[in-house]
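Asks: Could you work out the structure for the sequence below:
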Amino acid sequence: MSHRTSRVFATAACLALICLLCGPTPAEAYIDPGTGSIAYQLILAAALGAVFFIRRLRARVYSLVRRMSGRSESPPPQEPE
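Replies: Numbers count the residues shown, from 1 in each chain. Purely as a prediction, here's the structure:
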């Protein structure tokens, strides 16, 4: 694509976006219960997954830093028998 063609395309895309955003839209905002519950489950699962991922990543980074610094990791405490 030449510079002129890409510039014309970008201008046309911007004008189309402005027309779509500035035009009147009907307020049809109904979400049925099935869709709402699926969306809720997806958001909750993503948030919990992110928490566990970050915790595990932090533990791996901490372990790597301890190994690189030369300190050995202390073994986990043993429970009395």
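Asks: now the helices: where do they sit in the protein?
Replies: Taking DSSP state H as the criterion, the chain carries its helices at 3-22, 33-69.
Asks: State the distance from the most centrally placed residue in the chain to residue 40.
Replies: Centre of the chain computed as the mean C-alpha position; nearest residue by Cα atoms, centre = their mean is residue 46, 8.0 Å away. When Cβ to Cβ, to the nearest Å is the yardstick, residue 46 and residue 40 sit 11 Å from each other. To be clear about C-beta, it is placed using only N, CA and C from the backbone, and glycine gets the same treatment.
Asks: Could you identify which of the helices of the chain has the lowest mean pLDDT?
Replies: When the helices of the chain are compared on average pLDDT, helix 3-22 comes out lowest at a mean of 81.
Asks: Which positions within that one qualify as buried?
Replies: In terms of neighbour count (16 or more other Cβ atoms under 10 Å), helix 3-22 has no buried residues at all.
Asks: And for residue 78, the neighbour number?
Replies: The number of residues packed around residue 78, counting by other Cβ atoms under 10 Å, is 6.
Asks: now residue 66
Replies: Residue 66 sits with 13 neighbouring residues when counted by other Cβ under 10 Å.
Asks: From residue 59, how far out is it?
Replies: Residue 66 sits 11 Å away from residue 59, taking Cβ to Cβ as the criterion.
Asks: and for these two, which residues touch both?
Replies: Taking Cβ atoms under 8 Å, 6 or more residues apart in numbering as the criterion, residue 66 and residue 59 do not both touch any residue.
Asks: if we can go back for a sec, export the helices of the chain as TSV, with columns for distance to residue 78.
Replies: Compiled in TSV, those are given as follows (distance: least, Cβ to Cβ, whole Å):
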stretch	distance to residue 78
helix 3-22	64
helix 33-69	20
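Asks: Can you give me the end-to-end span of stretch 25-40?
Replies: When the termini of stretch 25-40 are compared using Cα to Cα, to the nearest Å, they are 26 Å apart.
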